[in-house]
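Enquirer: Have a look at this prediction, sequence included:
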Amino acid sequence: MRPIRHLLLRGLLAVALPGMVSGAPAENVLHIAYLQDVSTFDPDNSFLLYGLDAMRVIYQGLVEYRPGTTDLTGWLAESWDVSADGLTYSFRLRPGIRFHDGRPMHAADVLAYFRRRRHPGLTLAYFLDDVAAMEAPDERTFVIRLAVPQPAFLDRLASAWGPKVIGPEALVDHLGKDQAQSWLNEHEDGTGPYRLRVVSRGQAYELVRFPDYWGPPPFFDRIEIEVIPQMAQQLLRLKQGTLDLIQHGYPFEGLRQLPPTLRMLAYDDLGLELCFVNRTRRLGDPTLLRAVLTAINPAGWLGDAYFGYAVPATSLYPRAMIAAPPQWVFPSDVRAARAMVAAQPPVTLEIGYPDEDAAGQQIPAELIAAQLESLGIHANVRVYPIDLAGVFVNDLKEAPDLWISHNYPDAAHPATQAEIFFAGNAPLNYLGYRNPSVDEAIASAALITTRAERDERYLAIARRLMADGAILPLAEVKNVIVYRAGLSGFNPRPALPEVVDFETLRRDAPAR
């Protein structure tokens, strides 16, 4: 008997695409699942993780990262020039690009989109904060002028959450009074190899190949996406053959003995397991903090959490961003830590982690709690809605003592790590660390163009945060894709978290 959710999806697709489910020539169809629903299909208004791979084959930006690297290459732009003063970026657009509504893409459309991306009501408008002016002098030239030099600018454009060009069906036909936000929640008008065809919130989505795509046609005719919140159900479906892959969340302990029909791809991305420390309450005591750091030490729990698919992080930057000697070593004298705790009044700490990645964060949080208990420190573990985590800074006395989360920068440039997590007003500085000298150092480092000097400045910033016990590196965890035998062409990119490249993915042979 097939799972009910699978039957539901096929029913939805039968209504949307008569004749494609049965009684028609065989198609190449990819079946995948998300643990959580897609929040929106508006590429300017959400920090998507679930749906990010779908978004990349619906919409495209000016530049992207080459597969397997953090090197930049053209996407909708075939080339670009940067002025000597670092302020003017001139992009030469590819010819022959069409939007999904059938209209050709011109530089004026790109300009209209970038103006939309700057709208202050959109979550990701900050990507273009330093833009002073934009213009489209001819049909294939788009020019951006910055107010100040920004060496990270091209990386921001290549970001997984960077600007992706939206067409006139949204920005003219359905602009409305909200910059097309309502329409784009469930519709699209991109330039990518796939169109969004079926939207059933919380249940199913479908992408279909766009026949007028400007690049090589992708292998799969359709991509069927189901929302299956239970990993156990996804595992069962993968083994039965009604799912083709699991791109995130496959249990690490299960990787040691995969069935013969399954294969695995493990690769490094820019994600870091970090611990944010609330210094405004109990952990403002440096003696207690040192004892807690001894328990947090990943050497005591890393293997039990990740089964060999992670290494201790020794910096606040992933190695793919800055390759540097170890900057941080946790204290490891357990006997001394127990003596410190015994000399203090009893204390209970709270460890929090986000529901957005509860499956990945629960085990590390509970293992750290066990390490704390072994030192005589009681610890409660609690899962928080990710939206609530963003407002911890409004009342730090009610926030957890330790916040454990897996974090991704906006892009491969270290400015996008420091400005997102470390600065006093950073959007993901969860527990409110503030140091004016660090903020000044971040602003100064963002202007440096020489890579060696730039990296040393950012490393110095990280050393300060770690010495203050504010943000601590825990682990670099490999992203793992488990898939049915016969698939190839995944093309992982370190700067694109949990993304399978549907444009290059193909099925070379059926699974046995």
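Expert: All right, it came through fine. Residues are numbered from 1 along each chain as shown.

Enquirer: Would you map out the domains in this protein?
Expert: According to automatic domain parsing, the chain comprises the domains 11-248+481-507, 272-477.

Enquirer: and Thr261, which of those domains is closest to it?
Expert: domain 11-248+481-507 (5.6 Å; C-beta to C-beta). All C-beta spots, glycine's among them, are computed from the backbone N, C-alpha and C.

Enquirer: before we move on, back to that, can I get the domains of the chain in a markdown table with distance to Thr261?
Expert: Shown next, in a markdown table, are the domains of the chain (distance: least, C-beta to C-beta, whole Å):
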| stretch | distance to Thr261 |
| --- | --- |
| domain 11-248+481-507 | 6 |
| domain 272-477 | 21 |
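
Enquirer: Can you list the residue ranges for helices in the stretch 151-300 of the chain?
Expert: 153-158, 168, 181-184, 231-240, 286-296 (DSSP state H, counting those that start in this stretch).

Enquirer: packing partners for the first one?
Expert: In terms of contacts (3 or more C-beta pairs under 8 Å, 6 or more residues apart in numbering; DSSP states H and E), helix 153-158 is packed against strand 63-65, strand 72-74, helix 415-417.

Enquirer: neighbours around Arg237, how many?
Expert: 21 (other C-beta atoms under 10 Å).

Enquirer: Just confirm it contacts Ile228, I think it does.
Expert: Yes: using C-beta atoms under 8 Å, Arg237 is in contact with Ile228, at 7.2 Å.

Enquirer: Touching both of the two, which residues are there?
Expert: Ala33 (C-beta atoms under 8 Å, 6 or more residues apart in numbering).

Enquirer: Enumerate every residue touching the closest residue to Pro298 other than its chain neighbours.
Expert: Residue nearest to Pro298 in three dimensions, not counting chain neighbours: Pro312, with 4.8 Å by C-beta to C-beta, 6 or more residues apart in numbering. Under the criterion of C-beta under 8 Å, 6+ apart, the contact list for Pro312 reads 298-299, 302, 473-476.

Enquirer: Among the residues you listed, which has the minimum pLDDT value?
Expert: Lowest pLDDT of the contacts of Pro312: Ala299, 91.

Enquirer: just curious, which of the contacts of Pro312 is nearest to Pro216?
Expert: Pro216 lies nearest to Glu476 out of these, by C-beta to C-beta, at 33.7 Å.

Enquirer: Confirm that Phe142 sits in a strand.
Expert: Yes: assignment of Phe142 by DSSP: H, G, I helix; E, B strand; the rest coil places it within a strand.

Enquirer: who touches it in this structure?
Expert: By C-beta under 8 Å, 6+ apart, Phe142 lies in contact with 62, 77, 90-91, 93, 107, 110-111, 114, 134-136.

Enquirer: Over to Arg195?
Expert: Neighbour list for Arg195: 58, 100, 188, 207-210 [criterion: C-beta under 8 Å, 6+ apart].

Enquirer: let's go with 10 Å and repeat that
Expert: Remark: with contacts taken as C-beta atoms under 10 Å, 6 or more residues apart in numbering, Arg195 is in contact with 57-58, 100-101, 188-189, 206-211, 213.

Enquirer: do the same with Ile322
Expert: 315-316, 412, 414, 417, 451, 454-456, 458-459, 462.

Enquirer: Could you pick out the buried ones from those?
Expert: 315-316, 412, 414, 417, 454-455, 458-459, 462 (16 or more other C-beta atoms under 10 Å).

Enquirer: Make TSV out of the residues you listed and add secondary structure.
Expert: Converted to TSV, the buried ones among the contacts of Ile322 look like this (three-state DSSP):
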residue	secondary structure
Ser315	coil
Leu316	coil
Ala412	coil
Pro414	coil
Gln417	helix
Arg454	helix
Asp455	helix
Tyr458	helix
Leu459	helix
Ala462	helix
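
Enquirer: ok, so of the residues you listed, who is nearest Val148?
Expert: Among the buried ones among the contacts of Ile322, and counting by C-beta to C-beta, the member closest to Val148 is Arg454, at 15.7 Å.

Enquirer: My read is that that closest one contacts Ile442, right?
Expert: No: with contact defined as C-beta atoms under 10 Å, Arg454 and Ile442 do not form a contacting pair (11.8 Å).

Enquirer: Leu175 is nearest to which of the helices of the stretch 151-300 of the chain?
Expert: helix 181-184 (8.3 Å).

Enquirer: Other residues contacting that closest one?
Expert: By C-beta under 10 Å, 6+ apart, helix 181-184 touches 40-45, 116, 119, 121-122, 166, 169-171, 173-176, 178, 189.

Enquirer: ditto for stretch 445-456
Expert: For stretch 445-456, contacts defined as C-beta under 10 Å, 6+ apart pick out 86, 130, 148-152, 317, 321-324, 413-416, 418-419, 457-461.

Enquirer: Please look at His406 and Gln362 and confirm they touch.
Expert: No: taking contacts as C-beta under 10 Å, His406 lies outside contact range of Gln362: 11.8 Å.

Enquirer: still on that earlier bit, of the domains of the chain, give the one that comes closest to Arg263.
Expert: Of all the domains of the chain, it is domain 11-248+481-507 that lies closest to Arg263, at 5.4 Å by C-beta to C-beta.

Enquirer: any weak-confidence spans in the protein?
Expert: Scanning the chain for pLDDT under 70 picks out the ranges 1-25, 509-512.

Enquirer: give me that answer again for 50
Expert: Along the chain, the model assigns pLDDT under 50 to residues 1-22, 511-512.
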